[in-house]
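Engineer: pasting the structure only:
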């Protein structure tokens, strides 16, 4: 199966579109995308992992898959999103697995590591640090507060959708900062322009609760990858990430790379993932 194809996988009442590649008997790795993207964000990373012998599983997550798009923000809490990951693994017959997440996918990965740490062999979080480190930065670091100012807008139902999709989705397209290939941007915009899709994706923001900032430490061997030109995540939270990992931890800092690490620096990211996997 090529990474360009999606396979429907039903977990409870939801059906996820999942991209899979690599040998069926390879060690499984689940890749979680962020906002505003889909599993296509891993298009340049997945073949490198598959080529190293891993079985790659990358879902369009809750709200992004048309068959997994329940109504209401309450259906998009991080606990439910984390449970989706394990539910997907169960249906695919996967016991323990390596987990990789970027952006919101990283946030879900941290919660998964807390709720289901016994299922994870390793964790590689990309861009977003442990949520307690991020929360501390939000409370005490003016730079991070400024970088996160957009979140308040995205939580405004209706207004955010109109603003992002107006004028040919000009503002949505601008979020990728020319670091994502135009064809891939077109695919993301088309996906999120479908009826109900953008609202479902934004419901992840609208379901956020203050207690995410006090998420317990994780006990899974972890690599955290951060880039110094990330427009959303500042250094304060990134450098505190390791304080909340009670296991082997590696901090990989990328120089001159934006927030869109999977698209902009796939080879380096794949190398960091494989180093963590092979060291487990």
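Structural biologist: Alright, I've got the coordinates. Just so it is clear, the structure is predicted and the values come from calculations on it, not from any experiment.
Engineer: What is the helix or strand containing residue 256 packed up against?
Structural biologist: Using DSSP states H and E, residue 256 sits within strand 249-258. Contact partners of strand 249-258 among helices and strands, from 3 or more Cβ pairs under 8 Å, 6 or more residues apart in numbering; DSSP states H and E: strand 222-229, helix 235-240, helix 261-264, helix 266-278. Where you see a C-beta, it was placed from the backbone N, CA and C, and this is true even at glycine.
Engineer: quick one: the first one to helix 266-278, angle?
Structural biologist: Orientation note: strand 222-229 sits at an angle of 160 degrees relative to helix 266-278 (axes from the mean of the first three to the mean of the last three Cα atoms, to 10 degrees).
Engineer: quick one: strands adjacent to strand 222-229?
Structural biologist: Applying DSSP bridges, strand 222-229 is found paired with strand 120-126 (parallel), strand 249-258 (parallel).
Engineer: If you average the pLDDT over the last one, what comes out?
Structural biologist: Here strand 249-258 scores 98 as its mean pLDDT.
Engineer: Could you list the low-confidence segments of the protein?
Structural biologist: 1 (pLDDT under 70).
Engineer: show me what contacts the closest residue in space to residue 251 that isn't next to it in sequence?
Structural biologist: Closest residue to residue 251 apart from its sequence neighbours, by Cβ to Cβ, 6 or more residues apart in numbering: residue 224 at 5.3 Å. Neighbouring residues of residue 224 by Cβ atoms under 8 Å, 6 or more residues apart in numbering: 124-126, 129-130, 238, 241-242, 245, 249-252.
Engineer: give me the beta-bridge partners of residue 224?
Structural biologist: residue 125, residue 251.
Engineer: Where does residue 10 sit: helix, strand or coil?
Structural biologist: strand (DSSP: H, G, I helix; E, B strand; the rest coil).
Engineer: State the distance from it to residue 203.
Structural biologist: Look at residue 10 and residue 203: by Cβ to Cβ, to the nearest Å, they are 21 Å apart.
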